[in-house]
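> What would the 3D arrangement of this be:
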Amino acid sequence: MSEPYPEAPVALPSPLVGLAADYEPGARIPPHRHACAQLIYASTGVMTVTAEAGTWVVPPQRAVWVPASVGHSIRMTGRVAMRTLYLARDRAPLSASDCGVVQVSELLRAGIVRAVQFRHPYAPDSAEARLAAVLLDEIRVAATAPLHLPLPRDPRARRVAEALQADPGDPKRLEDWARVAGASARTLERVFERETSLRFAAWRQQARLLRSLEALASGEPVTQVALAVGYETPSAFIAMFRRALGTTPGRYFTHPPGPRPAPQ
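The predicted model follows:
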């Protein structure tokens with residue numbers, strides 16, 4: 001099902017505007033774009049944001065950065081309390097072309113909640129303007145989170161990627177997928193690495209990680225999730241999850257790990 005989404009006006013009434021929207025489990029926001037940049041945050045639930053360049057899974061206490069004019073769609077897992085910041089193009093503190101997931105500090109979280117209540121337009125010397133400046137600084141220094149699944153453009157690799165997104169637990173080997181793609185295993189591996197910066201095995205592991213986050217957010221048991229995404233034992237899945245996100249699946253949503261430094 002689809003839910004109406006609060007569209008940002010073409011001309012923002014203030015340099016930073018906060019909007020709130022709540023969504024039921026399974027709600028979808030169809031592909032759309034905005035003339036301004038966005039920081040999309042959910043205090044509860046998990047959002048899966050898809051753009052041409054890939055997919056980003058956004059659990060609570062994280063947010064996804066979407067630059068101006070980047071088309072994207074959003075799928076909700078669980079009940080989602082979305083709080084979005086819209087920012088004028090000339091105030092955007094992060095990339096003007098690339099989406100990404102960032103850690104949300106306590107200060108940033110509180111500021112987002114407060115920004116939803118701003119009255120517009122606010123004066124340049126107002127309390128709202130001063131808090132907006134703090135929010136821009138917090139976004140600029142926020143640590144990134146490894147919750148992105150880049151998608152290849154090559155039609156052969158894209159066919160494989162879409163099949164694995166639909167069923168990340170599929171046990172086919174690289175050689176088997178190469179036959180599906182109509183290419184040699186060596187060619188398929190090379191295309192994945194060139195277009196996603198990940199070798200095929202690493203890409204599939206990331207697909208499994210992101211799908212597992214959605215399933216865990218829905219309340220599915222760890223053992224069931226581990227088997228569904230292709231791991232033979234829960235312990236193997238938990239080890240992979242800990243390496244990727246710094247904590248266990250059981251603690252991830254209740255005790256999010258501290259921010260990791262952004263790659264240099």
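> so what does the lowest-mean-pLDDT helix or strand in the chain touch, helix or strand wise?
With mean pLDDT, DSSP states H and E as the measure, the helix or strand of the chain carrying the lowest mean pLDDT is helix 249-252 (a mean of 86). With contacts taken as 3 or more C-beta pairs under 8 Å, 6 or more residues apart in numbering; DSSP states H and E, helix 249-252 sits against helix 200-217, helix 222-228, helix 234-245. Heads up, the C-betas are built off the backbone N, CA and C, glycines and all.
> so which of those is the most packed in?
Most buried of the helices and strands packed on helix 249-252, by mean neighbour count (mean count of other C-beta atoms under 10 Å): helix 200-217, with a mean of 21.
> now that one against helix 234-245, angle please.
Comparing the axes of helix 200-217 and helix 234-245 via axes from the mean of the first three to the mean of the last three C-alpha atoms, to 10 degrees yields an angle of 100 degrees.
> picking that back up, can you redo the helices and strands packed on helix 249-252 as CSV with distance to Leu39?
Below are these laid out as CSV (distance: least, C-beta to C-beta, whole Å):
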stretch, distance to Leu39
helix 200-217, 19
helix 222-228, 28
helix 234-245, 21
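> what would those helices look like in JSON lines with mean pLDDT?
Below are these laid out as JSON lines (pLDDT from 0 to 100):
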{"stretch": "helix 200-217", "mean pLDDT": "94"}
{"stretch": "helix 222-228", "mean pLDDT": "96"}
{"stretch": "helix 234-245", "mean pLDDT": "94"}
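> among those, which is nearest Phe118?
For the helices and strands packed on helix 249-252, proximity to Phe118 was assessed by C-beta to C-beta; helix 200-217 is nearest, at 29.5 Å.
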